[in-house]
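Novice: Sequence first, then the predicted structure, then my questions.
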Amino acid sequence: MARYTGPKTRIARKFSEAILGPDKWMERKPHAPGQHGPNKRRKKESEYAVQLREKQKAKYTYGVLERQFEKMYHTAASKRGITGEVLLQLCEARLDNTVFRLGIAPTRRAARQLVSHGHITVDGGVVNVPSYSLRPGQAIAVREKSRSLETITNSVSVNSKRFDWLEWNPSQLSGKFITMPERAQIPENIREQLIVELYSK
């Protein structure tokens, strides 16, 4: 299963953004990691470095490793539409990301674990593949015997964010992937055009 298992804070400080979930250390040490972090002068980055950094940011955000991300890019490039936007749509359509967006899990990491442990169903059947790509109209729900899990009940009780491309029924702990989101609806701070330029070289 493709995932990053290293320290979250180091990645958050690298990109100056808590991309792996809430991080209290970011408030105390928002600078780059390392003993020279607070006073480190950033060199002027090359065009390639800027593009690579944006790709890494997207991969860490959605919890995808290189081979899987490259495969998603080639899939996006073969589809109609703007390649960068389609790439983000494919990332958003992943089952683990949708479980996170619905508020069933507090982070994508937690969502990935819930899916791989068999707590989530798609159209009534258990799916334990976090990278499963949802299609518009498919229903996502918490497995009946998993509805009392503390992680799920806590997350649902505090999460009030809702997204236009998803439908949510809190009483049934179920939702629906209505449609692929438009770029303006996706809240992630990712410059997808730089990723397209990197892969186009």
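Specialist: Looks like it came in fine.
Novice: domains of this protein?
Specialist: Following automatic domain parsing, the chain resolves into domains at 8-90+188-199, 94-179.
Novice: what are the bridge partners for residue 168, then?
Specialist: With DSSP bridges applied, residue 168 shows beta-bridge pairing to residue 175.
Novice: gap between it and residue 99?
Specialist: 11 Å (CB to CB, to the nearest Å). (C-beta placed from N, C-alpha, C; glycine too.)
Novice: Looking at those two, which one has more neighbours?
Specialist: When neighbours are counted by other CB atoms under 10 Å, residue 99 comes out ahead of the other of residue 168 and residue 99, with 26 against 19.
Novice: unless I'm mixing things up, the more buried one is touching residue 146, no?
Specialist: No - counting by CB atoms under 8 Å, residue 99 stays clear of residue 146, with 11.7 Å between them.
Novice: any weak-confidence spans in this protein?
Specialist: 1-43 (pLDDT under 70).
Novice: quick one, helices of it?
Specialist: Secondary structure of the chain by DSSP state H: the helices cover 8-15, 25-28, 47-62, 66-78, 83-92, 95-101, 108-116, 150-158, 192-199.
Novice: Let me have the ones you listed in JSON lines, extended by distance to residue 179.
Specialist: Listed next are these as JSON lines, based on distance: least, CB to CB, whole Å:
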{"stretch": "helix 8-15", "distance to residue 179": "29"}
{"stretch": "helix 25-28", "distance to residue 179": "33"}
{"stretch": "helix 47-62", "distance to residue 179": "19"}
{"stretch": "helix 66-78", "distance to residue 179": "17"}
{"stretch": "helix 83-92", "distance to residue 179": "10"}
{"stretch": "helix 95-101", "distance to residue 179": "12"}
{"stretch": "helix 108-116", "distance to residue 179": "20"}
{"stretch": "helix 150-158", "distance to residue 179": "23"}
{"stretch": "helix 192-199", "distance to residue 179": "19"}
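Novice: thinking again about what came up before, could you look over the domains of the chain and pick the most buried one?
Specialist: domain 94-179 (a mean of 17; mean count of other CB atoms under 10 Å).
Novice: Now residue 66. Nearest residue, chain neighbours left out?
Specialist: residue 59 (7.1 Å; CB to CB, 6 or more residues apart in numbering).
Novice: right, and the one you found touches residue 67 too?
Specialist: No - checked against CB under 8 Å, the pair residue 59 and residue 67 is beyond contact range at 10.7 Å.
Novice: which residues sit in contact with residue 170?
Specialist: Each residue near residue 170 by CB atoms under 8 Å, 6 or more residues apart in numbering is listed here: residue 156.
Novice: residues touching the residue nearest the centre of the chain, list them.
Specialist: Centroid-nearest residue in the chain, with CA atoms, centre = their mean: residue 62, separated by 2.9 Å. By CB under 8 Å, 6+ apart, the contact list for residue 62 reads 91, 94, 97, 108.
Novice: No further queries at this time; thank you.
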